[in-house]
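Chemist: Have a look at this prediction, sequence included:
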Amino acid sequence: MQTGSLTDYVEVQKRGVVQASDGSGDRVTDYVTEFAVWADIQGVNVSGFIAARANQFKLSHRIVVRFNDVPHGIQWKDYRLLCEGEIYKILGALPDNRSGKEWITLTCESGSAVWPEQP
């Protein structure tokens, strides 16, 4: 993959406790941007499915990022991605098939159905 193909600015977010933006001073649970990366977002065939244990997840996107742009040892299941208002749920992370230290392909799903309200 060519670095020039990373044309999508993606925020990598993690759920955390932050101060409410309404001025009340309350602490609320929300997603907070931990870091941002340039990525290549690729849509995949809607009918493509991947299995994760006993559950079936619909794979809708593959998002490729540079290995060196992310913190070492990141646990991708704790994060989500945000790009131009679209939220992507990370299903899994796959290293590149050469050295495993050039690219990471994130298998993701997106759409309103992937984010049920959580307390």
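Modeler: Here it is on my side, so go on.
Chemist: Which strands or helices does the lengthiest strand in the chain pack on?
Modeler: When the chain is parsed with DSSP state E, its longest strand is strand 27-43. Using 3 or more C-beta pairs under 8 Å, 6 or more residues apart in numbering; DSSP states H and E, the elements in contact with strand 27-43 are strand 8-19, strand 61-66, strand 79-83. Every residue, glycine included, has its C-beta placed from N, CA and C.
Chemist: buried ones in the following helix or strand past the shortest one?
Modeler: In other words, strand 79-83. Later in the chain than strand 79-83, the nearest helix or strand by DSSP states H and E is strand 86-95. Of all the residues in strand 86-95, those buried under the rule 16 or more other C-beta atoms under 10 Å are 87-91, 93.
Chemist: who does strand 86-95 touch, helix- and strand-wise?
Modeler: strand 49-52, strand 79-83, strand 103-110.
Chemist: Okay, now the sheet partners of the longest one, with direction.
Modeler: Sheet neighbours of strand 103-110, with direction, are listed as strand 61-66 (antiparallel), strand 86-95 (antiparallel) (DSSP bridges).
Chemist: Out of the ones you listed, flag the one nearest residue 107.
Modeler: When those are compared by C-beta to C-beta, strand 86-95 sits nearest residue 107, at 4.6 Å.
Chemist: centre of the chain versus that closest one, how much separation?
Modeler: Relative to its parent chain, strand 86-95 has a centroid offset of 4 Å by C-alpha atoms, centre = their mean, to the nearest Å.
Chemist: Flag the shaky bits of the protein, pLDDT-wise.
Modeler: Applying pLDDT under 70 to the chain flags the ranges 1-3, 45-59, 112-119.
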